Structures are given as C-alpha cells and as structure tokens.
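> task: produce atomic coordinates for the following.
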Amino acid sequence: MMDVSSIQRALPFNPATITPGAGVAGAAAPATSTAGDAVGGFGQALVEAIGKLDQVQKESDSQSLQLAAGMPVELHDVMIAQDRAALSLDLAVQVRNRLLDSYHEVMRMQI
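Sure thing, here's the model as predicted:
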C-alpha cells in the first residue's frame with residue numbers, strides 16, 4: 001500500500017513551502033534532495049509502490065493457498081489479507097488512471 005510519505009517524496013517540490021499565488025516559481029527543492037534522489041525520485045517511488053503492491057498480493061495468495069491446503073491459518077487473517085490486496089490494487093489502478101489523465105491533459109496543452 002502506498003503511504004503519504006512516498007507520495008510526498010515523489011513530488012518535485014515541498015507542498016508545505018509553497019505560498020498561495022506563488023505558482024511554480026515558488027516551488028522549493030525536494031525535501032530529500034541528494035544526487036541519488038534527483039535522478040530517480042518519482043521513478044524510484046513508483047518502483048517501491050509497485051514492489052509493495054506485489055508483496056501484498058503475494059502475501060494474500062500465500063495465505064489463501066494455506067487455507068485451501070487445510071493448514072492452520074485464521075480465516076479472518078486470510079480475509080483481511082485479501083481485502084488489503086484488493087484495496088491496494090484498486091488504489092494502484094486509480095493512481096495510474098490519474099497519471100494517464102494528467103499526461104493526456106499536458107499533451108493537449110498548446111504551446
């Protein structure tokens with residue numbers, strides 16, 4: 001599941017430092033600006049989020065298989081893991097949709 005700190009790391013500016021009406025010119029440097037973050041800031045956050053999504057999906061699959069095999073697992077733990085995996089996937093799809101909408105909007109802009 002993607003948390004707020006990974007979203008904030010992905011932003012090219014620190015939202016807390018922007019003054020109203022300042023626009024892009026008032027954007028500050030990233031809060032964690034090191035040479036490694038400058039190169040892979042958003043991309044790295046995206047890779048981490050996809051990795052966490054994959055981990056949650058694998059955990060859900062593992063618990064479901066254990067339940068189906070008759071191993072001693074709690075039913076509520078399996079259901080929670082499945083719901084967490086479903087919600088994580090829904091969030092990832094919604095983020096992807098928003099990113100694609102933003103990309104299309106930028107591509108429609110006239111220069």
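> okay, now the unreliable bits of this protein?
Along the chain, the model assigns pLDDT under 70 to residues 1-39.
> quick one: the helices in it?
4-10, 35-68, 75-108 (DSSP state H).
> mean neighbour count added to the ones you listed, as TSV?
C-beta: built from backbone N, CA, C; applies to glycine. Compiled in TSV, those are given as follows (neighbours: other C-beta atoms under 10 Å):
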stretch	mean neighbour count
helix 4-10	13
helix 35-68	14
helix 75-108	12
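> now do the contacts for the residue nearest to Asp77 when sequence neighbours are not counted.
Nearest residue to Asp77 in three dimensions, chain neighbours excluded: Gln63, at 6.4 Å (C-beta to C-beta, 6 or more residues apart in numbering). Contacts for Gln63 (C-beta atoms under 8 Å, 6 or more residues apart in numbering) come out as 73, 77-78, 81-82.
> export these to TSV and tack on distance to Ile50?
Formatted as TSV, the contacts of Gln63 follow (distance: C-beta to C-beta, whole Å):
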residue	distance to Ile50
Val73	27
Asp77	24
Val78	24
Ala81	18
Gln82	19
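> return the closest of the residues you listed with respect to Asn97.
Gln82 (22.7 Å; C-beta to C-beta).
> so what's that closest one up against?
For Gln82, counting by C-beta under 8 Å, 6+ apart, the contacting residues are 60, 63-64.
> quick one: the residue nearest to Asp77 from Gly51, how far?
19 Å (C-beta to C-beta, to the nearest Å).
> same thing with Leu65?
21 Å.
> ditto for Arg96
In terms of C-beta to C-beta, Arg96 sits 16 Å off from Gly51.
> also Asp101?
Asp101 is 24 Å from Gly51, by C-beta to C-beta.
> next: Ala69.
Ala69 sits 27 Å away from Gly51, going by C-beta to C-beta.
> rewinding a little: how about the contacts of Gln82 in a markdown table, adding distance to Met107?
Shown next, in a markdown table, are the contacts of Gln82 (distance: C-beta to C-beta, whole Å):
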| residue | distance to Met107 |
| --- | --- |
| Ser60 | 36 |
| Gln63 | 42 |
| Ser64 | 41 |
